[in-house]
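Peer 1: sharing a model prediction with you, sequence too.
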Amino acid sequence: MKLSQAVELFLRFKSKELAPRTLKEYRSDLELFKKIVGDREVESIKTADLMLFRTSLECSPSLINRRISALNTFFNFLVDMEVIRSNPVKPSLRIKKVKQKVPEALTHEEVEKVLEAAKKRSYRDYLIIKTILYCGLRVSELLSLTPENIVEVKGRKVLRIVGKGNKERFVPLPGSLAEELMELSKKVESKRLFPLSYQGIRYIFNKLQEETGIRLHPHKLRHTFATILVDRGVDIRVIQAFLGHASPITSARYAKVRDEVMFKVVEEIFSD
């Protein structure tokens, strides 16, 4: 089987279990590999070809590891399908101990400056910044929001978020933001609250960065949200719950208490 055929077989098989963005990343990584080693019979691909591919990459160590991981998943799939006998990807191909930069957070003054600049651009841009900043959302989570995601729990408006791995969580909304999002939901003609692409979000953040002189990207706002909670002494388990990183090993009793704590945190920190 040719490499190109194997790639299409793999992507078709994975299409029902992976998010579109993840599939796109797999395709990009596998197409790049094919470009480097050629559209050959997959049975002929050896570890030496993977080494050639790795040495040709001019990107960050974390991206190299992601691409090697993608190839590892791909070749494991081919082994399972009995297309090849063994996986040519070896552990030594990965870069060990990739140093992670500590994400930066905005200062209080920078938060005010960014929100003001966003409000001057448009009300939509203002709500995008405010929602990420006050709820700690990922961009993918923001872009998937619909009016139906605004629900009521214990008499309070919350966002129902389906994050990575289809894990569901509920993020309490500050009073003013809840009202603003409800008003927006009545005005948007699209099914989504923010009918934009990733490129559209990147454009907005680039413009705000130019206008404020503040280095800005969505994850920086998400980290700012977490940093604010840490600075206020919020328990790390509650922060994990807000961000969708909560441990799956939690008791029903803890979950009940956690909801009350999350509501209290929002009222004390993010309410206007």
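Peer 2: Sure thing, it's come through. Numbers count the residues shown, from 1 in each chain.

Peer 1: quick check: the residue lying farthest from the centre of the chain vs residue 204, distance?
Peer 2: Of all residues in the chain, residue 44 has its C-alpha farthest from the mean position, at 36.0 Å, by C-alpha atoms, centre = their mean. As for residue 44, its distance to residue 204 is 47 Å (criterion: C-beta to C-beta, to the nearest Å). C-beta: built from backbone N, CA, C; applies to glycine.

Peer 1: same check on residue 138?
Peer 2: If you go by C-beta to C-beta, the gap between residue 138 and residue 204 works out to 16 Å.

Peer 1: same question for residue 210.
Peer 2: 11 Å.

Peer 1: more neighbours: which of those two?
Peer 2: When residue 210 and residue 204 are compared for neighbours, residue 204 comes out ahead with 20 against 11, by other C-beta atoms under 10 Å.

Peer 1: check contacts around the more buried one.
Peer 2: 118, 121, 125, 128, 196 (C-beta atoms under 8 Å, 6 or more residues apart in numbering).

Peer 1: quick one, phi/psi of it?
Peer 2: Per-residue torsions, residue 204: phi -60, psi -50 (degrees, to the nearest 10).

Peer 1: what's the closest of the contacts of residue 204 to residue 86?
Peer 2: residue 196 (44.4 Å; C-beta to C-beta).

Peer 1: where in the protein is pLDDT low?
Peer 2: 97-103, 164-165, 245-272 (pLDDT under 70).

Peer 1: who are the packing partners of the helix ranked longest in it?
Peer 2: Determined from DSSP state H, the single longest helix within the chain is helix 61-80. Here helix 61-80 touches helix 3-14, helix 20-37, helix 47-56, going by 3 or more C-beta pairs under 8 Å, 6 or more residues apart in numbering; DSSP states H and E.

Peer 1: among the ones you listed, which is nearest residue 113?
Peer 2: helix 20-37 (30.6 Å).

Peer 1: from the contact counts, what lies against that closest one?
Peer 2: So helix 20-37, by 3+ C-beta pairs under 8 Å, 6+ apart, packs with helix 3-14, helix 47-56, helix 61-80.

Peer 1: CA atoms only: put that helix into PDB for me.
Peer 2: Extracted in PDB, the C-alpha atoms of helix 20-37 (Å, rounded to 0.1, in the frame of the first residue of the first chain):
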ATOM      1  CA  PRO A  20     -12.000  18.300  12.900                       C
ATOM      2  CA  ARG A  21      -9.000  20.400  14.100                       C
ATOM      3  CA  THR A  22      -7.200  17.300  15.300                       C
ATOM      4  CA  LEU A  23      -7.800  15.500  12.000                       C
ATOM      5  CA  LYS A  24      -6.500  18.600  10.200                       C
ATOM      6  CA  GLU A  25      -3.300  18.400  12.300                       C
ATOM      7  CA  TYR A  26      -2.800  14.700  11.500                       C
ATOM      8  CA  ARG A  27      -3.300  15.400   7.800                       C
ATOM      9  CA  SER A  28      -0.800  18.200   7.900                       C
ATOM     10  CA  ASP A  29       1.800  16.100   9.700                       C
ATOM     11  CA  LEU A  30       1.400  13.100   7.500                       C
ATOM     12  CA  GLU A  31       1.400  15.100   4.300                       C
ATOM     13  CA  LEU A  32       4.700  16.700   5.400                       C
ATOM     14  CA  PHE A  33       6.200  13.300   6.100                       C
ATOM     15  CA  LYS A  34       5.100  12.100   2.700                       C
ATOM     16  CA  LYS A  35       6.700  15.100   1.100                       C
ATOM     17  CA  ILE A  36      10.000  14.400   2.800                       C
ATOM     18  CA  VAL A  37      10.200  10.600   2.300                       C
END
